Every structure is written in C-alpha cells, then in structure tokens.
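>>> What follows is a protein structure lacking sequence information:
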C-alpha cells in the first residue's frame, strides 16, 4: 500500500475528476435550455426537440455515478511519463483532454489483463479503494521485476487486497458491479468479440452473472451502432433474480437494456402454478415442435360434405374434392397458418363462382356471401384464424386432438400428461412457465391474424441468457427466435441444473441455439464470492449430484465453518426463528436468506412472524429487507451474507434435481452457512467419523 503523500496526491486527482464530471453534467443540462420548444413550434420542431431531449436524458444517466466509485485506479505505461486513470465513465476537462478513461476503452484493457509474465507495456498498475468520493487506500503492482509463477487460487489476482476488501463488504440485496476489480479471466470474456454464441461456464461464486452483464455494457460501448437500435435483452430465471441484478447495467451507464423472464416474452397471462415434472419434461421436449405443427395442420381441413349456398335464383357449389385442393394449395403457399386464411377464402370464392350457370365474378360472390352464416361456419372449419391461446386450449383440452397431433411422436403416458380440463373460462385461463415456449412456438406457426393488430415478437441484436442450464430445448428454441443475428452470451453451471431438463454438457444446450458461427466456450475457475469453508460442505454434495465435476477454487481462505443444527421434533420453526435472531447480530448490516423447500415456506414464515422476526416472503421479488424466506427454486444466482438451509432432505425429495438444488442452496453464502433439520440428513451430508484403530 502507498504512503500518505501518495494518498493525498491521488485524492486531489479524484476531487478534480469529480469536478470535471459535475461540469460535464452542467454542460448537458445547458443544452436543454437551447432546445426548448414553445407552444407555437411546428410538429417537426417538436419531434426534433423530443429526440434531443431523449439524448440529453441518456447522457445524464451515463454521467450519474451516484455513490459508486468514479475512478478505480491508474496505469503507468513503461517508458513514458503518461498516466491513464481508469473509471466508470469517460471524463474530460474544459479543453477536452481526458481526465478519466472509460473502463471499456481499448487503452484500459491492460488495467484488467496485465500480469507479471505479460505486463502489456505497463510499468505500474495502481488500484484504488474508495468509499463515495473518498480514497481509502491504494495498492500498487510494479511490473518488470521478473516473472512470477502462479500458485494457488489467489495467485495472479489484480489488486488482490482491494478485491478481497470489496468481497468482504456486507451485501445489500442487490448485485453490485465489479467494474473496479475485474480479473483477467473475466475480462477476456467481457471483451470477446460480438457475434456468435459465447458460453460462460462457472461454478458458484465465480462471477459469471456479473461478467455477462459487464459484457453487455462493453458491447453497447464498442458497438453502439447497431446495438442501441436493435436492443439488448437479458433473460433471467425468475423475477427475484431480475430484481437482484437490475441495478448493475444502470450503474455502468447503460439504462436501456431490457430485463425479462421467459414469460415476459409472450403476451398471454402466465400464472404462478408449477407444472408437474412429467408434463414439464414433455412440454420442454423438442418433439413438441412436431406435435404443434401437426396440431396446426389438423385445423386445415377439407369439407366433410359438399357446400351448396343460394345466390339469387342460383345455387353455388363447392364439393369436397375442390375444397381439398384449396386447402392443399394454401398449405403450399402460406408461410404461416393465419396468412393462409386469405388464400382459402379466395379459393372458395373462385370455386363458388365457377359453379354458377352464368359468368359471375369471384369478387361479387365474396361481397354477397362473406357474412353468410353458413359460409363463415365453413371457413372456420376449413381454416380457422387462431391465436396461440386458442390452439393450445383446444389441443390440451381434448384427448382426441392430442392423440391426433401426437400420433407416434409421444407415447400414451406422455400424451396423458398434456391433458387438462376445460372447466375454467377461457378468458381467465393462466398458463404455466412450461407452456410459455409452446405458446411462442404456436405463434411462430400461426403468425399474426390479418387485420387483428397482432404483433410479431421482437428480436434483439444481443441476448444475455442466465442460468441457461435450466432451460428446456423448447425454451432455448424460443430464445433463438429472439436473436437477430445469433449473437448471445449464455451463462450457467451444469452442476446447478435443477429443472426438469438437466443437460449432460453445454453441447446439449448449443444444439438448440443459433449455429451460424462456431461457439466460444469459456470456463471461470476461481470462486471469488464463496469462502473455502462454505465450499467445503457443498463439495460433499457435488460428486453425488454431478459425478465427474469439480468445484471452483476459492480465493477466500478460511471463514466461519458451516454449522449443522438439529431441531427437536416439532420445534423446527422455533429453532429457525432463534437462529435468525442470532444471525442478525452476527452479520450486522449484512443480509440473510432462509432457504426452504416449497412445502415449508408458509410454516417457516409463520414461525418468524410468531417470534416477531421481520422478513420478506418467497416470491415477493424483493431482497432489500434484511431477512428473506425463499423457496430453494428462487435462490439461484443470489449471494447473501448468511444462509440458513432448512430441511435438506425435503429439498432433495421435492425438487426435480434434488441433490443439485441442495448444492445450489449450500453455495449462496458469502460469510456464514447454517443447515437446520429435524428430519434425518441426506446421506451426502452425514459426516463420517473415522473408525477407531
């Protein structure tokens, strides 16, 4: 660490950088007075003013760093007196000379990537530890003193002391950026070129989520055009997760990125009901593409008997064979089902016109008969206009339609798992998460209904997909449709695959993603968040959950050893409440989660209420209270100071991938981990004592 004179010098520089930033904001605000349009302005002037105002708002958002660090450190190139200060946003003085370099600029790369063996032209790298605008400490790395070998998980870390100090800070319930402490293996992924699919495999605590979000910010900086117009979409596993990460990109000056769960990508109402494991697996199977295509085709039907309709003094006719040719022609020519309706209608008007005793124009037939009840019934039979809602509602509500569509594609048990009663009113039907990819597939097959105002699904220039190992083949197919050019960052951990579909490796995922370019697969191997003591307990579960996989190496040695507490029969809730009270004291301002199986959410929450312990509830989408009771399916991707895992045996029994879900629960803690149980522990958690000699 540097001396007090160095601290004073760098503090003065930070103060100057903040003054320049404040002046930059004032310059932007002055532009607003120059572009204000009065009441008498023309329409064009008002439109232009709105565009300028939008630009001003975006720039102000980029310059608003709040309490976050503006400057992270500096780099001193070798053989030159120049110094470059690296920070959150680019800042210049009144002469437009750079004061702070944006962390995403090419010149900033050595700040993150230089090593003793590969200094990338640096003589020195200096890291800043700050709180608000105050500089607390600086840490120097001097290059050129000979090669340094790597030893252990923490060797070769850039700004090790600053990094570890940041990791030790209490959690706030929101994921923070790591822009000041990005490590070389993370920076390589962040700066990977745009285009194709980038896969980031990483165990608990390796920072894969935050790396993917920083990559989105980097791509928007480097490829502002076209990505700003095309859009960037971040897809997360649930709304708790989205709330957890929602401040990362705005803190990096990128407020326009969309965040969504898969259910947000379809307009239909999706409820909270969980699909049964058998139905969820079938609905996620790529064979459903064939089933749905056949279900649509089954709604494209020739007449069952000849159509005869009055037309003045004449009768017009369309026989069954002619209707079969009309349907076949529409199938050949239409790109989507609903687009084919116009072709069927035109074919019907022409067939009826040809059947007349005298020459009749098809347009006249259409004009006179298109509102005729029998004609409308015939068209709805031959080629109905359908919404995804209607198609799936009809299909899943009829055993006969399922059997007709599934044929030999699904066996009898799989077909039965798709059935559900039609008892509830159609307009109040809520779909499940497992239905979402099917609704999207149906929309792709059906297309918009002409004249109904249906919108085509939006696509994006780049997608970030987190916890991708939990997505079914049908869900991955849905996300692929949202990609304009196949550019995606896909993040996850095969060991944490807890859904009905658990891929054996990333190739199983990549098979369903765009393949225009060869994918690039990266693995993060160092656990920054999770202490070694916490990982030691989780490592007992991993070999049984996913044989052959190994956990990450932690840079945080030691830590409080995990505790295993057995509650007396009937005392589980009271024991959890007592532990929560003790943990509040132990973690101070830190946050805490009580991770439970679904069946115990209400029981544990009621016990905390009875003990007067304030807390948030599972599914509330909020982690800004100190204590949250969370179902185990909602904790993936989160980090918390203290975690209580309740009844691990029930977690294993109730979840589709029980041991993997337990592994996830045991790896959320950044400081303290406690396991509470009244039922016998799963075999993998039973500590085996060596037998006496």
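Structure received. None of these values were measured; they are calculated from a predicted model.

>>> and stretch 56-75, which residues are buried?
56, 58-59, 62-63, 65, 68-75 (16 or more other CB atoms under 10 Å). From N, CA and C alone the C-beta is placed, and that goes for glycine too.

>>> how about a markdown table for the residues you listed, with pLDDT added?
Output for the buried residues of stretch 56-75, formatted as a markdown table (pLDDT from 0 to 100):
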| residue | pLDDT |
| --- | --- |
| 56 | 79 |
| 58 | 78 |
| 59 | 77 |
| 62 | 80 |
| 63 | 82 |
| 65 | 86 |
| 68 | 89 |
| 69 | 93 |
| 70 | 95 |
| 71 | 96 |
| 72 | 94 |
| 73 | 96 |
| 74 | 97 |
| 75 | 97 |
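
>>> and which of those is nearest to residue 298?
residue 58 (49.6 Å; CB to CB).

>>> And that closest one, how close does it get to residue 89?
According to CB to CB, to the nearest Å, residue 58 stands 12 Å off from residue 89.

>>> who are the neighbours in contact with residue 233?
Applying CB atoms under 8 Å, 6 or more residues apart in numbering to residue 233 gives the contacts 257, 258, 259, 260, 460, 462, 463, 464, 482.

>>> what about the closest residue to the last one other than its chain neighbours, how many residues close to it?
With sequence-adjacent residues excluded and distances taken as CB to CB, 6 or more residues apart in numbering, residue 482 is closest to residue 459, at 5.2 Å. Residues near residue 459, counting by other CB atoms under 10 Å, number 15.

>>> Run a quick check on residue 459 versus residue 480, I expect a contact.
No - counting by CB atoms under 8 Å, residue 459 does not reach residue 480; the two are 9.9 Å apart.

>>> Worst mean pLDDT across the helices and strands of the protein, which element?
Lowest on mean pLDDT, DSSP states H and E among the helices and strands of the chain sits helix 43-63, with a mean of 71.

>>> Who does the helix or strand that it is followed by pair with, and is each partner parallel or antiparallel?
As assigned by DSSP states H and E, the chain's next helix or strand after helix 43-63 is strand 71-77. Sheet pairing of strand 71-77 (DSSP bridges) gives strand 84-87 (antiparallel), strand 122-131 (antiparallel).

>>> Residues touching the helix or strand just after the longest one, excluding its own?
This points to strand 122-131. Later in the chain than strand 122-131, the nearest helix or strand by DSSP H and E is strand 134-142. Strand 134-142 is touched from outside by 1-2, 6-7, 10-11, 14, 73, 123-130, 158-162, with contacts defined as CB under 8 Å, 6+ apart.

>>> do that again at 6 Å, thanks
For strand 134-142, the surrounding residues in contact (CB atoms under 6 Å, 6 or more residues apart in numbering) are 1-2, 10-11, 14, 124-129, 159, 161-162.

>>> Buried residues in that strand, which are they?
135, 138, 139, 141.

>>> Spell out which helix or strand contains residue 671, please.
Assigned by DSSP H and E, residue 671 falls in strand 669-677.

>>> For that strand, name the packing helices and strands.
Using 3 or more CB pairs under 6 Å, 6 or more residues apart in numbering; DSSP states H and E as the contact test, the elements touching strand 669-677 are strand 563-566, strand 640-646.

>>> if we go to 7 Å?
helix 532-545, strand 563-566, helix 572-587, strand 640-646, helix 648-654 (3 or more CB pairs under 7 Å, 6 or more residues apart in numbering; DSSP states H and E).

>>> ok so, going back, which ChimeraX command selects the buried ones in the contacts of strand 134-142?
Buried members of the contacts of strand 134-142, defined by 16+ other CB under 10 Å, are picked up in ChimeraX with:
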select :10,11,14,124,125,126,127,128,129,159,162
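
>>> So for the contacts of strand 134-142, which is the shakiest by pLDDT?
In terms of pLDDT, the lowest of these is residue 1, showing 51.

>>> what's the pLDDT at the residue nearest to residue 278 when sequence neighbours are not counted?
What sits nearest to residue 278 in space, not counting adjacent residues and going by CB to CB, 6+ apart, is residue 417, at 4.5 Å. Note for residue 417: predicted pLDDT of 96.

>>> got it, and the one 5 residues further on?
As summarised for this prediction, residue 422 has a pLDDT of 76.

>>> Verify the stated contact: it with residue 397.
Yes - the criterion here is CB atoms under 7 Å, and residue 422 meets it with residue 397 at 3.9 Å.

>>> Looking at these two, which one has more neighbours?
Applying other CB under 10 Å to residue 422 and residue 397 shows that residue 397 carries more neighbours, namely 17 against 12.

>>> In contact with the more buried one, which residues?
Residues near residue 397 by CB atoms under 7 Å, 6 or more residues apart in numbering: 420, 422.

>>> Distance of it relative to residue 508?
Applying CB to CB to residue 397 and residue 508 gives a distance of 32 Å.

>>> again with residue 596
Taking CB to CB, one finds residue 596 at 30 Å from residue 508.

>>> now, which of the buried residues of stretch 56-75 sits nearest residue 554?
Distance to residue 554 across those (CB to CB) is lowest for residue 72, with 23.4 Å.

>>> didn't that closest one look like it was pressed against residue 180?
Yes - here residue 72 reaches residue 180: they are 3.6 Å apart, a contact under CB under 7 Å.

>>> Tally up the residues packed near the nearest residue to residue 497 once chain neighbours are set aside, please.
Distances taken as CB to CB, 6+ apart place residue 469 nearest to residue 497, at 4.1 Å, with adjacent residues excluded. Close neighbours of residue 469, defined as other CB under 10 Å, add up to 25.

>>> Now for residue 469: which residues touch it?
492, 493, 494, 496, 497, 503, 509.

>>> Make a markdown table out of the strands paired with strand 71-77 and add distance to residue 376.
Formatted as a markdown table, the strands paired with strand 71-77 follow (distance: least, CB to CB, whole Å):
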| stretch | distance to residue 376 |
| --- | --- |
| strand 84-87 | 66 |
| strand 122-131 | 71 |
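
>>> ok, which stretches of the stretch 151-300 of the chain are strands?
Using DSSP state E, counting those that start in this stretch, the strands assigned to the stretch 151-300 of the chain run over residues 197-202, 232-235, 258-260.

>>> Am I right that residue 664 is in contact with residue 496?
Yes - Residue 664 is within contact range of residue 496, at 5.1 Å (criterion: CB under 7 Å).

>>> Of the two, which one has the most company?
residue 664 (30 against 23).

>>> For the more buried one, identify the helix or strand it belongs to.
helix 658-666.

>>> what comes into contact with that helix?
495-498, 537-538, 541-542, 544-546, 595, 632, 635-636, 645, 648, 651-652, 655, 673, 682, 684.

>>> Nearest to residue 346 among the contacts of strand 134-142?
Among the contacts of strand 134-142, residue 159 lies closest to residue 346 (CB to CB), at 70.1 Å.

>>> Could you measure from that closest one over to residue 183?
9 Å.

>>> What of residue 68?
From residue 68 to residue 183 the distance is 19 Å (CB to CB).

>>> And residue 349, by the same measure?
Counting by CB to CB - residue 349 and residue 183 are separated by 69 Å.

>>> same check, this time on residue 25
Taking CB to CB, one finds residue 25 at 31 Å from residue 183.

>>> And residue 632, by the same measure?
Taken as CB to CB, the span from residue 632 to residue 183 is 30 Å.

>>> do residue 130 as well
Residue 130 is 19 Å from residue 183, by CB to CB.

>>> returning to that earlier point: identify the contacts common to residue 664 and residue 496.
Joint contacts of residue 664 and residue 496 (CB under 7 Å, 6+ apart) are residue 636.

>>> OK, contacts around residue 318?
Per CB under 7 Å, 6+ apart, neighbours of residue 318: 303, 307, 348, 351, 352, 355.
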